[in-house]
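Trainee: my questions concern the predicted model and sequence given below.
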Amino acid sequence: MTDGSTTRWKRILLKLSGEAFAGGKPFGLDGPTLSRIADDVVDARENLGVEVAIVVGGGNIWRGISGAEGGIDRAQADYMGMLATVMNALALQDALEQKDVPTRVQSAIAMPQVAEEYIRRKAIRHLEKDRVVIFAAGTGNPFFTTDTTAALRAVEIEAEILLKGTHGSVDGIYTADPKTNPDAEKIDNLSYLDVLNRDLRVMDSTAITHCMENEMPIVVFNLMEEGNLRNLLCGQSIGTLVS
């Protein structure tokens, strides 16, 4: 049952970093943070009538690049990172189902005991049936980030927008790192080529290029600020639009 609010998009792909799941902790899962994220998804789905698909990262548990720097084979380290995203996906699924939201986890790596295999048409059907779909295990291939997974899945499921939810105090794309440069200025609108040419690194270049080639707009915003997702969906100018 919607509350009558008008939304800009009917189907969204929400990209969540693994670090966001840790809350203020250096690693691991933070229960209240998971519940807060789930509340935003519940609001979008039940009150605004938005179909929500989610791609989760695994950086709160394991990062493939860090593992490779520690001496582990890069491909092997990336597979370990994919397993970390499955753990986060299952945790988010549990948080949503505790709020009576029907949820499906689809994994790019087959593990039928805990998740469905990723099948594009099945994912779309779940969304049409008002289920939240969480995509785990990245693309199923090493050397690709979950940003690239988000870009790929957004195009595949015919989402209207890719929303990249950041954590911490960063609320969009800046001219420099606002955490280290006090003169950094927030940018409201950018083209895909601006992001690539200026090496702004809000998402990896493969993800940006894929979105550009498929005309998939991106909004980078601070998910952790209460009300931001709802306000963004309802038309307020939140974060930075890349198109």
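Mentor: Ah, there it is.

Trainee: distance check, residue 160 against residue 74.
Mentor: To residue 74, residue 160 is 35 Å away according to C-beta to C-beta, to the nearest Å. Quick note: C-beta positions are derived from backbone N, CA and C, even for glycine.

Trainee: identify the residues contacting the residue lying closest to residue 43 once chain neighbours are set aside.
Mentor: In space, residue 43 comes closest to residue 230 once its chain neighbours are excluded; the distance is 5.7 Å by C-beta to C-beta, 6 or more residues apart in numbering. Counting by C-beta atoms under 8 Å, 6 or more residues apart in numbering, residue 230 makes contact with 5, 40, 43, 44, 47, 48.

Trainee: now the fifth one: how far from residue 134?
Mentor: Pointing back at residue 47 there. 20 Å.

Trainee: those two: who's more crowded?
Mentor: residue 134 (28 against 16; other C-beta atoms under 10 Å).

Trainee: and residue 33, what element?
Mentor: helix 31-42 (DSSP states H and E).

Trainee: in what helix or strand does residue 221 lie?
Mentor: strand 218-222.

Trainee: what is the rounded mean pLDDT of that strand?
Mentor: For strand 218-222, mean pLDDT rounds to 95.

Trainee: swap in stretch 54-67?
Mentor: Stretch 54-67 comes out at a mean pLDDT of 81.

Trainee: and the next helix or strand past the longest helix seen in the chain?
Mentor: Longest among the helix segments of the chain by residue count, using DSSP state H, is helix 74-97. Heading C-terminal from helix 74-97, the first helix or strand you meet, by DSSP H and E, is strand 103-107.

Trainee: much appreciated, bye for now.
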